[in-house]
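In: have a look at this fold, sequence not included:
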């Protein structure tokens, strides 16, 4: 997976201008062909990929030490005897990113007469700016695990000496259950004011009841078990080349979490990408293209796609996203890059679209 971070590639053409004549000349940009890059800088226009961030929550259950006796001693019929996990889907987010289109590579030739002194590329070779520095796009999310703090009690601290001396698990469970019932009885007596030691005021009563609650909860966990939770982040990259209808990216299981697309244990998470075909037609004056036009700086006019992610019939994500591969490639006139103009151009690393142009006329 690409890190999508930027590195600046600065080309100062003054190295090539020792004997430059003062005439106007455009920056020559040609389709990339092997063997023709020694005299220039090859760049790629992007395809737009989709980076899915899937947020899930996993709840781990660990049975208690005396789980097998919960029904008989505490009348708890809902206690599970084996450990298990329960997964829930918390949400899906989709971010677009750019990746080089191997079929759209071009070369900026190093001409000593050109006015374009600086070219900024990404590490992957995407053109980001001409005559300007480009800013670094936000890093894409990464897989991760975050444990959710869950208050837990150490039940061993509340075991009585008799429980510790007992020779069998069954006997220890009986003593633990008896202790739980004693705690409940003591609580009732405190509330009714019938305890051997009654609190002096309401604050002391509150403290004593809290201590009994904590003790009962700890001993009960020996029967009913404990739960811990964690948030897990999964990421998936997908590069749609055309309209996609219900493509299974992965599956989601309540007990297994994220599983492979062909694993029938989970429900399918599907991706639909629909080309909205709402891009404006390119202007064509009917005249043959001049060679200098064909060598101009290239950029994308992206189309737009409707992206839909679903779990069965439930929509998890839906949005319209600009995508380079559903648009077309255009050229930026070479007359903008000559001695008369100081032109700065910024391109989107995601779509290849021209985001901004600054044009300053020089005095030459």
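Out: Nice, thanks for sending it over. Because the structure is predicted, anything quoted here is derived from the model rather than measured.
In: tell me which residues touch the residue nearest to residue 348 when sequence neighbours are not counted, please.
Out: Spatially, and ignoring its direct neighbours in sequence, residue 348 is nearest to residue 355 (5.3 Å; Cβ to Cβ, 6 or more residues apart in numbering). In short, each C-beta sits where N, CA and C put it, glycine included. Residues in contact with residue 355, defined by Cβ atoms under 8 Å, 6 or more residues apart in numbering, are 346-348.
In: which of these sits closest to residue 171?
Out: Ranked by distance to residue 171 (Cβ to Cβ), the contacts of residue 355 are led by residue 348 at 72.0 Å.
In: which one of the contacts of residue 355 is nearest residue 84?
Out: residue 348 (46.5 Å).
In: over to that closest one: give its phi and psi.
Out: Note on residue 348: its backbone torsions stand at phi -80, psi 130 [degrees, to the nearest 10].
In: what's the burial count for it?
Out: Residue 348 has 23 neighbours, counted by other Cβ atoms under 10 Å.
In: got the contact list for it?
Out: Contacts here follow Cβ under 8 Å, 6+ apart; on that basis residue 348 touches 46, 98, 300, 354-355.
In: pLDDT weak spots in the stretch 151-300 of the chain?
Out: Counting by pLDDT under 70, the stretch 151-300 of the chain contains low-confidence ranges at 283-295.
In: any chance you could map the helices in it?
Out: 161-165, 169-192, 202-224, 291-294 (DSSP state H, counting those that start in this stretch).
In: which residues touch the longest one?
Out: Contacts with helix 169-192, where a contact means Cβ under 8 Å, 6+ apart, come from 65-66, 69, 73-74, 159-160, 162-163, 166, 195, 198-199, 205, 208-209, 212-213, 215-216, 219-220, 222-223.
In: and the buried ones among these, selectable in ChimeraX?
Out: For the buried members of these, the matching ChimeraX selection, counting by 16 or more other Cβ atoms under 10 Å, is:
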select :65,66,69,73,74,159,163,166,195,205,208,212,215,216,219,220,222,223
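In: in the protein, which strand is the longest?
Out: Ranked by number of residues, the top strand in the chain under DSSP state E is strand 84-109.
In: what pairs with the next helix or strand after that strand, parallel or antiparallel?
Out: The element immediately downstream of strand 84-109 (helix or strand, assigned by DSSP states H and E) is strand 119-121. If you go by DSSP bridges, strand 119-121 pairs up with strand 127-130 (antiparallel).
In: any idea which helix or strand comes after the strand it pairs with?
Out: Next element after strand 127-130 (DSSP H and E): strand 144-148.
In: hmm, who's touching that next one?
Out: By Cβ under 8 Å, 6+ apart, strand 144-148 touches 57, 228-233.
In: quick one: strands adjacent to that strand?
Out: Short version: by DSSP bridges, strand 144-148 pairs with strand 226-238 (antiparallel).
In: residues of the strand it pairs with that come out buried?
Out: Neighbour-count burial for strand 226-238 [16+ other Cβ under 10 Å]: 232, 234-236.
In: in TSV: those residues, plus distance to residue 85.
Out: Listed next are these as TSV, based on distance: Cβ to Cβ, whole Å:
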residue	distance to residue 85
232	11
234	15
235	20
236	21
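In: flag the shaky bits of the stretch 1-150 of the chain, pLDDT-wise.
Out: 1-39, 110-117.
In: swap the cut-off to 90 and go again
Out: Low-confidence segments of the stretch 1-150 of the chain, defined by pLDDT under 90: 1-43, 102, 105-125, 127, 129-141, 143, 146-150.
In: which residue, other than its chain neighbours, is closest to residue 253?
Out: Of all residues not flanking residue 253 in the chain, residue 266 sits nearest, at 3.8 Å (Cβ to Cβ, 6+ apart).
In: how confident was the prediction at residue 363?
Out: With respect to pLDDT, residue 363 scores 61.
In: wait, residue 348
Out: 94.
In: how far away is it from residue 263?
Out: Distance of residue 348 to residue 263, given as Cβ to Cβ, to the nearest Å: 37 Å.
In: and for residue 52?
Out: From residue 52 over to residue 263 (counting by Cβ to Cβ), the distance is 18 Å.
In: show me the contacts for residue 62.
Out: Residues in contact with residue 62 (Cβ under 8 Å, 6+ apart) are 83, 225-228.
In: which is the succeeding secondary structure element to whichever strand or helix holds residue 60?
Out: Here residue 60, judged by DSSP H and E, is contained in strand 40-62. Once the chain leaves strand 40-62, the next helix or strand it forms, by DSSP H and E, is helix 70-74.
In: what about that next one, distance to the chain center?
Out: 46 Å (Cα atoms, centre = their mean, to the nearest Å).
In: what's in contact with it?
Out: 64, 66, 76-77, 79, 173-174, 177, 180, 220, 223-224.
In: repeat that for 6 Å
Out: 76-77, 79, 177, 223 (Cβ atoms under 6 Å, 6 or more residues apart in numbering).
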